[in-house]
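J.: Attaching a predicted model along with its sequence, questions to come.
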Amino acid sequence: MIKIPKRKWRYPMAYERQYTKELTALVNRLHEVTKENMQDITDFIDKNRMDAVGDVLDTIVNKIKQNYYILVTRDFLKRKIQQMIDAVNNFNMNEFRQSLKSAIGVDVFQSEPKLEEMTELWVKENITLITSVENQYFDKLENIISDAVRNGTLTPEVTKQIQDLTGVSKRRAQLIAVDQIGKLNGQLTKYRQTMAGIEEYIWRTAGDSRVRPAHMLRNGKKFKWSNPPPDGHPGMAIRCRCVAIPVIDLDNLKIQGVRI
C-alpha cells in the first residue's frame, strides 16, 4: 500500500537566513579589521608611490590577517558550523517524523549509523568554502594596495575599492550560506528517506518567483532516489530550496519502532 503525506515537508528557511547572517558577519569583521589598519595602508601607499612593492606590504596584510584570525579562530568557525548542522539536522528529523506520522498515523524512529560521517564532511566543506572567501579577500586587498602604489591611486579611491571588495565578498558568503543549507537539508532528506526504505518522492518547489523554470516543471512529479534529475535531487542544485515529499510503500518501510 502506498501512502503520501498530506503534510508539506518544510524547508529550513529560518536557518538559511541565520547562516546567511552569520557568514555576512564574518565578512563584516574582515572589513572592520581592514578599516582599523587603514592608516598603515594609506601611509604605505603615500610613501611608496610609483615604487616597487616590497616586504612592507606583506607585513601590513599579515597584520590584518592576524588581527582577523584572533577574532575568528578555526575553532570558533567550526563551532558555529556545527551549531548550524545540529539545528538543520533537528529540523529535518522533525520534518521526517511528522511527515511519516501524517501518512501512517504513528511517530517512527530509526538508527542513523552514517549521520556523523556525513555531517563531518559538511563541516570540512564549509570551513573550506569560508576560508576561500577569506583568502580571496586578502589576495584582492593586497592587489588593491599594490595597484594603488603603482598607479598613484588616491586614498578615497582605495577606500572605495576596499568597500567594493567587501560587497563582493558578502555576496559570495551569502551565496555559500543559502546553497549549503539547501544541500545539507537535501542530503539529510535523502539519507533519512532511503534509510527508511522509501525509494520514491514527489518534487515540491518553494512556490515563489525564485524557483527556476526547470524545477517548476518538476513540481508534483514523482522521482526515484536511485535516479536523480540532471542537476540532482531537491536541494542539490545551486540555491535550490525544493523538497522531497516521501512516497511511502508500507510493504517496504524499514523502521526500528514507533513512539507512543
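T.: Happy to help now that I have it. Numbers count the residues shown, from 1 in each chain.
J.: Okay, now the unreliable bits of this structure?
T.: Scanning the chain with the threshold set as pLDDT under 70 gives 49-55, 256-260.
J.: ok, 90 please
T.: Filtered on pLDDT under 90, the chain yields the residue ranges 1, 6-7, 42-59, 103-114, 146-155, 251-260.
J.: now the helices: where do they sit in it?
T.: Remark: helices assigned in the chain by DSSP state H are 13-36, 38-47, 55-71, 74-104, 115-151, 155-195, 213-218.
J.: Let me have those helices in CSV, extended by distance to residue 246.
T.: For the C-beta atoms, the positions are set from N, CA and C on the backbone; glycine is no exception. Shown next, in CSV, are these (distance: least, Cβ to Cβ, whole Å):
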stretch, distance to residue 246
helix 13-36, 20
helix 38-47, 54
helix 55-71, 43
helix 74-104, 6
helix 115-151, 18
helix 155-195, 5
helix 213-218, 16
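J.: mind giving me a markdown table with those and columns for distance to residue 226 and mean neighbour count?
T.: What follows is the helices of the chain, written out as a markdown table (distance: least, Cβ to Cβ, whole Å; neighbours: other Cβ atoms under 10 Å):
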| stretch | distance to residue 226 | mean neighbour count |
| --- | --- | --- |
| helix 13-36 | 28 | 18 |
| helix 38-47 | 55 | 15 |
| helix 55-71 | 44 | 14 |
| helix 74-104 | 19 | 17 |
| helix 115-151 | 18 | 16 |
| helix 155-195 | 9 | 19 |
| helix 213-218 | 17 | 13 |
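J.: Looking at these, which is nearest to residue 230?
T.: helix 213-218 (8.3 Å; Cβ to Cβ).
J.: ok, residues contacting the closest one?
T.: 203, 205, 229, 231, 237, 240, 242 (Cβ atoms under 8 Å, 6 or more residues apart in numbering).
J.: hmm, try it at 6 Å
T.: 203, 205, 242 (Cβ atoms under 6 Å, 6 or more residues apart in numbering).
J.: try stretch 32-50
T.: With Cβ under 6 Å, 6+ apart as the criterion, stretch 32-50 contacts 60, 64, 67-68, 145, 148-149, 152, 155.
J.: hmm, try it at 10 Å
T.: Contacts to stretch 32-50, defined as Cβ atoms under 10 Å, 6 or more residues apart in numbering, come from residues 53-54, 56-57, 59-61, 63-72, 137-138, 141, 144-155, 158-159, 162-163, 165-166.
J.: Can I get it in PDB, CA atoms only?
T.: Taking Å, rounded to 0.1, in the frame of the first residue of the first chain, the C-alpha atoms of stretch 32-50 are listed here in PDB:
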ATOM      1  CA  GLU A  32      36.300  46.200  10.300                       C
ATOM      2  CA  VAL A  33      39.800  44.800  10.800                       C
ATOM      3  CA  THR A  34      40.900  46.300   7.500                       C
ATOM      4  CA  LYS A  35      39.500  49.700   8.400                       C
ATOM      5  CA  GLU A  36      41.400  49.600  11.800                       C
ATOM      6  CA  ASN A  37      44.600  49.300   9.700                       C
ATOM      7  CA  MET A  38      43.700  51.900   7.000                       C
ATOM      8  CA  GLN A  39      46.200  54.400   8.400                       C
ATOM      9  CA  ASP A  40      49.000  51.800   7.800                       C
ATOM     10  CA  ILE A  41      47.700  51.200   4.300                       C
ATOM     11  CA  THR A  42      47.400  54.800   3.300                       C
ATOM     12  CA  ASP A  43      50.800  55.700   4.800                       C
ATOM     13  CA  PHE A  44      52.400  52.800   2.900                       C
ATOM     14  CA  ILE A  45      50.800  53.900  -0.400                       C
ATOM     15  CA  ASP A  46      51.800  57.600   0.100                       C
ATOM     16  CA  LYS A  47      55.400  56.600   1.000                       C
ATOM     17  CA  ASN A  48      55.900  54.200  -1.900                       C
ATOM     18  CA  ARG A  49      54.100  55.800  -4.800                       C
ATOM     19  CA  MET A  50      55.400  54.600  -8.100                       C
END
